[in-house]
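Colleague: no sequence on hand, only this structure:
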């Protein structure tokens, strides 16, 4: 994998505030790894003692509910950092991170990152802004879950998946989630999610081909959301 100062991905995260000297220091202490689809990056309750920088691929952040089911809180893609909040609060991570596809990640030890907080104010501000953004997303998610119907949440989520992760050449959603994962994102039972997808298909809002989902009527989906 490339050196940190040559990595374009860092421009999308808090790391963009680091100068060349700091990036060289970062490259010397980081460890890089390939994560296979379905592999756990870290588990809820684990002491991570650092942050992960996602260089390529997508992972899901999940929270284990009281009934033993995983609820998808967020999808994380390249350029984002994992573990910032728990590192600053000095607490175990409260979410699990699992690869949805093959990934490349870099791990940066806490001891190195915390040193940048003392010396680089812009880096500190970037991290704080990211955490504040995550909190805002969390607030919006709570409101959506409380006030929107399952049908509205599904329409909103399908649009989000296309806007964020793009389409394949055949116009189907680039990121492929299982029906269980999609149901987890919108907060409903898998059976309800499957039934709603079938309804959307019959209405011409989407097209279903095996595991692939293609959005056919985006204006109507947006209106529904």
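Modeller: Cool, the structure landed. As the structure is a computational prediction, the values presented were derived from the model and not from experiment.
Colleague: partners of residue 61 in the sheet?
Modeller: Note on residue 61: beta-bridge partners by DSSP bridges are residue 74, residue 97.
Colleague: give me the neighbour count for it.
Modeller: Around residue 61 there are 22 other residues, counting by other CB atoms under 10 Å. Backbone N, C-alpha and C define where each C-beta goes, glycine included.
Colleague: likewise residue 140?
Modeller: The local packing of residue 140 (other CB under 10 Å) involves 10 other residues.
Colleague: in the helix or strand hosting it, what's buried?
Modeller: Per DSSP states H and E: residue 140 is located in helix 121-147. Residues of helix 121-147 classed as buried: 123, 124, 126, 127, 130, 134, 144 (neighbour count, 16 or more other CB atoms under 10 Å).
Colleague: kindly report the same for stretch 41-53.
Modeller: For stretch 41-53, burial by neighbour count (16+ other CB under 10 Å) applies to 41, 42, 48, 50, 51, 52, 53.
Colleague: what of stretch 59-76?
Modeller: 59, 60, 61, 62, 70, 71, 72, 73, 74, 75, 76.
Colleague: compute the first-to-last residue distance for it.
Modeller: 5 Å (CA to CA, to the nearest Å).
Colleague: for it, the distance to its chain's centre please.
Modeller: The chain centre lies 11 Å from the centre of stretch 59-76; the measure is CA atoms, centre = their mean, to the nearest Å.
Colleague: what's next to whichever helix or strand comes after the helix holding residue 140, contact-wise?
Modeller: Scanning forward in sequence from helix 121-147 by DSSP H and E, the next helix or strand is helix 150-165. By CB atoms under 8 Å, 6 or more residues apart in numbering, the residues outside helix 150-165 that reach it are 58, 75, 77, 144-145, 148, 173-175, 177, 182, 185-188, 192-193, 196-197, 200, 205-206, 213, 215, 218, 221-222, 224-225.
Colleague: and helix 150-165, what's its mean pLDDT?
Modeller: Averaging pLDDT along helix 150-165 gives 93.
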